[in-house]
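# Take this sequence and fold it.
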Amino acid sequence: MKRLVSTRNLSREKWLQYRKQGLGGSDIGAIVGVNPFKSALQVYIDKATETIDDYDSEALRQGRDLEDYIASRFEEETGMRLRKSHAIWVHDEYDFMLGDFDRIVIGKQIGVEIKTVSPFASHKWTENKIPWEYQLQVQHYLAISNFSCWYICALVYGTELIIRKIERDEELIKNLITIEKRFWEENVLAGVMPEPDGSKQAGELLAKYY
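Numbering: from 1, shown residues only. Alright, predicted model coming up:
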């Protein structure tokens with residue numbers, strides 16, 4: 001993997017501009033239609049236009065504010081020490097594949113993705129399950145980094161801390177690269193809007209722009 005830009009002292013506006021240069025981990029679930037909060041059409045508008053959508057919410061802010069706490073809990077539970085990556089990373093071969101990793105395990109080729117979860121969504125994590133959008137996000141990061149595995153550390157507000165390990169899946173990574181390459185070249189670069197997927201998010205976006 002290569003460093004696209006250091007995020008030390010990088011303003012949020014500049015960070016958002018760099019993210020428009022490719023597809024990040026949070027975009028992948030939307031592209032394949034498994035993200036309940038984001039559509040492929042939203043990803044296209046974000047990447048294909050100069051408009052910077054600095055959307056924020058109370059839930060997102062709490063997630064950012066709790067990130068250090070959740071990282072410290074992961075260290076406490078696993079004995080592994082973490083560091084921030086302080087960079088946006090890019091795939092060695094596919095420069096449209098970007099990654100902004102939450103944490104990296106010191107001395108190992110292992111990453112950690114940090115999540116906050118509403119108690120109302122905790123059923124998605126029962127019986128060792130992991131929501132599909134997060135599994136794809138992690139495999140996207142594994143493709144970029146060539147690491148061996150990744151952990152997800154999720155805090156369910158007021159309830160529990162969940163730690164799940166995701167192994168590298170070469171077949172899934174190959175399919176993701178194919179899907180991302182097609183979306184980037186045939187939609188974003190070609191200026192061709194993807195078909196609306198019927199989601200609420202896609203409908204709201206169409207209403208806003210048209």
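# List the buried residues in stretch 80-89.
Buried residues in stretch 80-89, counted by 16 or more other CB atoms under 10 Å: 80, 82, 85, 87-89. In short, each C-beta sits where N, CA and C put it, glycine included.
# Show me those residues that map onto strands.
Per DSSP state E, strands hold the following members of the buried residues of stretch 80-89: 82, 87-89.
# residue contacts, residue 62?
Residues in contact with residue 62, defined by CB atoms under 8 Å, 6 or more residues apart in numbering, are residue 116.
# in the protein, which helix has the most residues?
What stands out as the longest helix in the chain, according to DSSP state H, is helix 58-78.
# model confidence over that one, on average?
If you average the pLDDT over helix 58-78, you get 91.
# Residue 117 contacts residue 152, doesn't it?
No - contact between residue 117 and residue 152 fails when scored by CB atoms under 8 Å: they sit 10.3 Å apart.
# Of the two, which one has the most company?
Of the pair residue 117 and residue 152, residue 152 is the one with more neighbours under other CB atoms under 10 Å, namely 23 against 18.
# Please report the distance of the more buried one from residue 41.
27 Å (CB to CB, to the nearest Å).
# and what of residue 90?
Distance from residue 90 to residue 41, counting by CB to CB: 24 Å.
# Now residue 112: which helix or strand?
Residue 112 belongs to strand 110-117 when assigned by DSSP states H and E.
# after that strand, next one along is what?
Next helix or strand after strand 110-117 toward the C-terminus (DSSP H and E): helix 132-145.
# If you count contacts, what does that following helix end up packed against?
Counting by 3 or more CB pairs under 8 Å, 6 or more residues apart in numbering; DSSP states H and E, the packing neighbours recorded for helix 132-145 are helix 25-32, strand 87-90, strand 98-99, strand 110-117, strand 149-156, strand 160-167, helix 170-183.
# Provide a list of residues in contact with the closest residue to residue 105 other than its chain neighbours.
Nearest residue to residue 105 in three dimensions, chain neighbours excluded: residue 80, at 5.0 Å (CB to CB, 6 or more residues apart in numbering). By CB under 8 Å, 6+ apart, the residues touching residue 80 are 74, 105-106, 108, 110.
# Same check on residue 99?
Residue 99 touches 1, 24-25, 88-90, 140-141, 144-145, counting by CB under 8 Å, 6+ apart.
# can those residues go into CSV with extra columns for pLDDT?
CSV is the format used below for those (pLDDT from 0 to 100):
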residue, pLDDT
1, 91
24, 96
25, 95
88, 97
89, 98
90, 98
140, 97
141, 98
144, 98
145, 97
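# Kind regards, and thank you for your time.
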